[in-house]
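Visitor: Have a look at this fold, sequence not included:
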């Protein structure tokens, strides 16, 4: 049998109820209290009503049996005194039924004989339950009592009690006699008792709801205050504190919250001071090193231009000095840039640029390094891909990503893909080198972080390139993300909004590389272009 599906509106209603239930502690406590109270009131009320009904019915049965026994004895006495020679038995039984059952509101009488049925005025024979007849036919001795519905010939009825016994004629013949006692008073009493009980239960539930709400407010109001104070502290208002009132558990909570906030404020202040001193130190040292570095740069350039006149050993030393001086200048530039980001002084100068042209220019600038490493660089794109961005910062991101791929690509090909849509543009740089573990996809952007500290650098760097690239991407309200697997390489994806007013919610390129290493749009249009820096040995150049 196929499963029936729940309409989506019902599903939404259920989810809304679950969300409201989970989001409100007072609602859960008050609702739980009321549900438990309703269960107690229902069970207790039903138990009380059953006991009361049982007591009233038993009392009514006992009174009916006593009164029926008295009436039956009186009828038997009158029957025994009857002279059946002058009066027939049937006529006398009819007279007894009229005489004994003539008192309205007390009870009615039904006498059944083989020839006829004698009844009090207005009563119907169907008022006698069949179970009572069966019991009397099995054992004619004694009186039998049971609940019954007293029916009248005008079509009305009411609950009552039926008592059955036998009259003994002078000839020894047994005649069934039934006494029907209406229980209107007792029924009204039960209805009044039932209404009073349910009214009392409703008032009790209302009182419990008010009490639960009042008690919950005594608990939830301090908790809400604590939540608001914690939110203010988390938002940066470290001077916010809770009011301590009394000596109860809530006062202890407020004291603990205040102590925690004070300690947190002290620790944050210390960290801010330390960070401020560190940033100031890096900035000051970087600026102070600029002057001697410029002098060293000038002297190194003079020596480097005259290196052909030196001996081979001295020429090699001059080249090493020149390379290390360039590396040192690059590291110093990165430190100055990081200090600007830390100080919040980084400024974005955005213009409309062609991302494809920028990537091709940077690839061309890295050709010498790629040839030396024997690495092939392939660029896939659609022309043009326009974006509103700071050309200097985007070029620096591409340079850092390409340098990282060259340094960790194990001389294997590198694929760069550029694509865009109406809202965003993206660049991916894919290498097939050492890669990294999935858990390290965020650590690669940390300052001075290295996946393998024992591995020698192929392309020198400051260890700040990816960290600076991440800050540049954030300055553009963009994303810089990494994917990697050990031994399968890595892919970095830069995603930028088309304009600085747009908000990113997707990327035109996937973060996880595909088998073709081509963007879907580029592969479909056939407009992909590959710029190949062919690997060649130095002897072939």
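Guide: Nice, thanks for sending it over. All values derive from a computational prediction rather than experimental measurement. Numbers count the residues shown, from 1 in each chain.

Visitor: Mark out where each domain of the protein begins and ends.
Guide: 1-240, 249-338, 349-452+463-540 (automatic domain parsing).

Visitor: Which stretch among those domains is buried most, on average?
Guide: domain 349-452+463-540 (a mean of 18; mean count of other C-beta atoms under 10 Å). Bear in mind the C-beta positions are built from the backbone N, C-alpha and C, glycine included.

Visitor: Check for me that residue 141 belongs to a helix.
Guide: No. Counting by DSSP: H, G, I helix; E, B strand; the rest coil, residue 141 falls outside a helix, being coil.

Visitor: on that earlier part again, dump the domains of the chain into a markdown table; add mean pLDDT as well.
Guide: Shown next, in a markdown table, are the domains of the chain (pLDDT from 0 to 100):
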| stretch | mean pLDDT |
| --- | --- |
| domain 1-240 | 79 |
| domain 249-338 | 77 |
| domain 349-452+463-540 | 81 |
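
Visitor: Spell out the residue ranges of the strands in this structure.
Guide: Taking DSSP state E, the strands of the chain run over residues 108-112, 117-119, 144-151, 157-168, 174-182, 351-354, 377-380, 386-389, 414-420, 424-431, 479-485, 489-497.

Visitor: now the angle between strand 174-182 and the first one, please.
Guide: Counting by axes from the mean of the first three to the mean of the last three C-alpha atoms, to 10 degrees, strand 108-112 points 160 degrees away from the direction of strand 174-182.

Visitor: Taking strand 157-168 as reference, get the angle to strand 108-112.
Guide: Using the same axes, to 10 degrees: strand 108-112 against strand 157-168 is 50 degrees.

Visitor: Neighbouring strands - and their directions - for strand 108-112?
Guide: Note on strand 108-112: by DSSP bridges, its sheet partners are strand 117-119 (antiparallel), strand 174-182 (antiparallel).

Visitor: Check the last one too.
Guide: Taking DSSP bridges as the criterion, strand 489-497 forms sheet pairs with strand 424-431 (antiparallel), strand 479-485 (antiparallel).

Visitor: so which of these comes closest to residue 193?
Guide: Of all the strands paired with strand 489-497, it is strand 479-485 that lies closest to residue 193, at 73.6 Å by C-beta to C-beta.

Visitor: the helices in the chain, which residues?
Guide: Taking DSSP state H as the test, the helices found in the chain are 8-23, 25-80, 89-100, 130-138, 184-234, 249-305, 312-343, 355-365, 367-373, 391-408, 465-475, 520-525.

Visitor: Could I get those in CSV, plus columns for distance to residue 443?
Guide: CSV is the format used below for the helices of the chain (distance: least, C-beta to C-beta, whole Å):
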stretch, distance to residue 443
helix 8-23, 35
helix 25-80, 39
helix 89-100, 105
helix 130-138, 87
helix 184-234, 25
helix 249-305, 20
helix 312-343, 17
helix 355-365, 25
helix 367-373, 25
helix 391-408, 14
helix 465-475, 10
helix 520-525, 30
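
Visitor: Can you say which of the strands paired with strand 489-497 is nearest to residue 173?
Guide: strand 479-485 (108.5 Å).

Visitor: The closest one relative to helix 391-408, how many degrees between them?
Guide: Going by the same axes, to 10 degrees, strand 479-485 makes 10 degrees with helix 391-408.

Visitor: between strand 479-485 and helix 465-475, how many degrees?
Guide: Computed by the same axes, to 10 degrees, the angle separating strand 479-485 from helix 465-475 equals 140 degrees.

Visitor: distance between strand 479-485 and the chain's centre?
Guide: In terms of C-alpha atoms, centre = their mean, to the nearest Å, the centre of strand 479-485 is set 29 Å apart from its chain centre.

Visitor: Isn't residue 181 up against residue 59?
Guide: No. Contact criterion C-beta atoms under 8 Å: residue 181 and residue 59 do not qualify, at 11.9 Å.

Visitor: do you know how far the residue lying closest to residue 222 once chain neighbours are set aside is from residue 319?
Guide: What sits nearest to residue 222 in space, not counting adjacent residues and going by C-beta to C-beta, 6 or more residues apart in numbering, is residue 250, at 4.4 Å. According to C-beta to C-beta, to the nearest Å, residue 250 stands 74 Å off from residue 319.

Visitor: Report the separation between the two terminal residues of stretch 299-319.
Guide: 13 Å (C-alpha to C-alpha, to the nearest Å).

Visitor: distance of residue 281 from residue 425?
Guide: 38 Å.

Visitor: returning to what we had before: is it possible to get CSV of the strands paired with strand 108-112 that adds distance to residue 41?
Guide: Output for these, formatted as CSV (distance: least, C-beta to C-beta, whole Å):
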stretch, distance to residue 41
strand 117-119, 45
strand 174-182, 32
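
Visitor: between those strands, which one is nearest to residue 411?
Guide: Among the strands paired with strand 108-112, strand 174-182 sits nearest to residue 411 (C-beta to C-beta), with 110.0 Å.

Visitor: picking up where we left off before, columns distance to residue 492 on top of the strands paired with strand 489-497, output as a markdown table?
Guide: Shown next, in a markdown table, are the strands paired with strand 489-497 (distance: least, C-beta to C-beta, whole Å):
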| stretch | distance to residue 492 |
| --- | --- |
| strand 424-431 | 5 |
| strand 479-485 | 5 |
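
Visitor: got the contact list for stretch 303-321?
Guide: Around stretch 303-321, the neighbours that count as contacts under C-beta atoms under 8 Å, 6 or more residues apart in numbering are 300, 322.
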